[in-house]
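Enquirer: attaching a predicted model along with its sequence, questions to come.
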Amino acid sequence: MNNDSLNQRFGIAGKISFVEGKGALPSILVNTPHSSAEISLHGAHLLSFKPHDQQDLVWMSERSVFENGKAIRGGIPVCFPWFGPHASDKEKPQHGFARLQPWQVKKVEDENDSISVTMELTENSESLALWPHPFKAVIEFVIGSALGVKLTVTNTGTSTFEYTDALHTYFNISSIDSISVEGLQDATFYEGFDMNLKTQQPPLLRFNTETNRRYVNTTNDCIIDDPGYQRKIRVSKDGSKVTVVWNPGEDVAKTIGDMTDDGYQTFVCVEPANAYQGIDVISLAPGDQHTLSTSVALIS
Ligand code: TA6
């Protein structure tokens, strides 16, 4: 469906419009009494969520590529049906194919103070070549004073499959040196790909180097305290036992082509996930479904 047809079917004057976004990829612009947002149909990728009179809550890389088949750097990449590198085939795309494919808009609802947008991805020749399972993935964004994102995967095939997923949220921060993340004290984590389990002692996580922690068995909210922007962001989640916290730090940032050398200074990823064999892999029998959701809100 082109933007004209999408506008005719789902557009709402002053609230929802479909436009040609960066790289000519179709984008949805959302405007509510509390906030504005942009969601790309490419990857069902949230690019912006901006409460009025605030800096954007999500970060976008100045150097992000916007191209069919390529991943966008920033916002909320949807990682599915695997998180991180593929378990057995490193040639397969990191974080799965959901963020690389066009999604279909299914529903838009105007609830006065908030607007919800629902999009869907199902199996296709490219997905089946990478992952041989029929599925339906439905993502619902609720844009209002807070941001809600809900990813529901249904097994539409005839045999059980397993998958991992994440809502790989990049938060826009004033400076990585000055923020902290609360909510992970006593949680156990793997650092990068080191499989020695550690425990976080301090109540606050601070950043002065590359950080790639995969906290396992935590369902806690996290609070990002950003004194520079004078705000605290609460990140809640459901349907997830793993929280990933990532910032590449100075040296790794230089190796990431679609990020400026100093890009790492202004984001932190806090990612609700289901990940890791034996820890939090979702197994779905035919007809079953699972929902991973997150809610992002400013604490006043
Ligand atoms: O969630 C953290 C992580 O898995 C890191 O290991 C890092 O690679 C990051 O995601 C970004 O992945 P990407 O494929 O988008 O470059």
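Expert: Okay, I see it.

Enquirer: list the buried residues in the longest strand anywhere in the chain.
Expert: In the chain, taking DSSP state E as the definition, the longest strand is strand 289-299. For strand 289-299, burial by neighbour count (16 or more other Cβ atoms under 10 Å) applies to His290, Leu292, Ser293, Thr294, Ser295, Val296, Ala297, Leu298. C-beta here means a position set from N, CA and C on the backbone, and glycine is covered the same way.

Enquirer: Leu184: which of these is nearest?
Expert: Thr294 (15.5 Å; Cβ to Cβ).

Enquirer: could you check the pLDDT of the closest one?
Expert: For Thr294, the model assigns a pLDDT of 98.

Enquirer: could you report the neighbour count for the residue lying closest to Lys15 once chain neighbours are set aside?
Expert: Among residues not flanking Lys15 along the chain, Asn31 sits closest, at 5.4 Å (Cβ to Cβ, 6 or more residues apart in numbering). Look at Asn31: counted by other Cβ atoms under 10 Å, it has 16 neighbours.

Enquirer: Ile12 is in contact with Asn31, correct?
Expert: No: taking contacts as Cβ atoms under 8 Å, Asn31 lies outside contact range of Ile12: 9.3 Å.

Enquirer: wait, what's in contact with Ala24?
Expert: Going by Cβ atoms under 8 Å, 6 or more residues apart in numbering, Ala24 touches Phe66.

Enquirer: and the gap between it and His42?
Expert: Relative to His42, Ala24 is positioned 10 Å away (Cβ to Cβ, to the nearest Å).

Enquirer: touching both of those two, which residues are there?
Expert: Counting by Cβ under 8 Å, 6+ apart, the residues touching both Ala24 and His42 are Phe66.

Enquirer: what does the model give Asn112 for pLDDT?
Expert: Listed pLDDT for Asn112 reads 79.

Enquirer: burial check on the residue in the stretch 151-300 of the chain that the ligand sits nearest to, number of neighbours?
Expert: Residue of the stretch 151-300 of the chain nearest the ligand, by Cβ to the nearest ligand atom: Trp246 (3.8 Å). The local packing of Trp246 (other Cβ under 10 Å) involves 20 other residues.

Enquirer: what does the stretch 151-300 of the chain put close to the ligand?
Expert: Applying Cβ under 6 Å from any ligand atom, we find that the stretch 151-300 of the chain lies next to the ligand at His168, Asn212, Val244, Trp246, Cys269, Glu271.

Enquirer: in strands, which of these fall?
Expert: Asn212, Val244, Trp246, Cys269, Glu271.

Enquirer: gap between stretch 158-174 and the chain center?
Expert: Taking Cα atoms, centre = their mean, to the nearest Å, one finds the center of stretch 158-174 at 6 Å from the center of the full chain.

Enquirer: whoops, I mixed them up, stretch 92-107
Expert: 12 Å.

Enquirer: can you give me the end-to-end span of it?
Expert: 31 Å (Cα to Cα, to the nearest Å).

Enquirer: buried ones in it?
Expert: Applying 16+ other Cβ under 10 Å to stretch 92-107 flags Pro93, His95, Gly96, Phe97, Ala98, Arg99, Leu100, Gln101, Pro102, Trp103, Val105 as buried.

Enquirer: in the stretch 1-150 of the chain, where is pLDDT below threshold?
Expert: Within the stretch 1-150 of the chain, no range satisfies pLDDT under 70.

Enquirer: list, one by one, the residues from it near the ligand.
Expert: So the stretch 1-150 of the chain meets the ligand at Ala71, Gly84, Gln94, His95 (Cβ under 6 Å from any ligand atom).

Enquirer: widest-spaced pair of those residues?
Expert: Pairwise over those, using Cβ to Cβ, the maximum falls at Ala71 and Gly84, 13.1 Å.

Enquirer: between the two, what contacts are shared?
Expert: Gln94, His95.

Enquirer: just checking, what packs against the helix ranked longest in the chain?
Expert: Ranked by residue count and defined by DSSP state H, the top helix of the chain is helix 3-10. Applying 3 or more Cβ pairs under 8 Å, 6 or more residues apart in numbering; DSSP states H and E, one finds that helix 3-10 contacts strand 16-20, strand 104-110.

Enquirer: much appreciated, bye for now.
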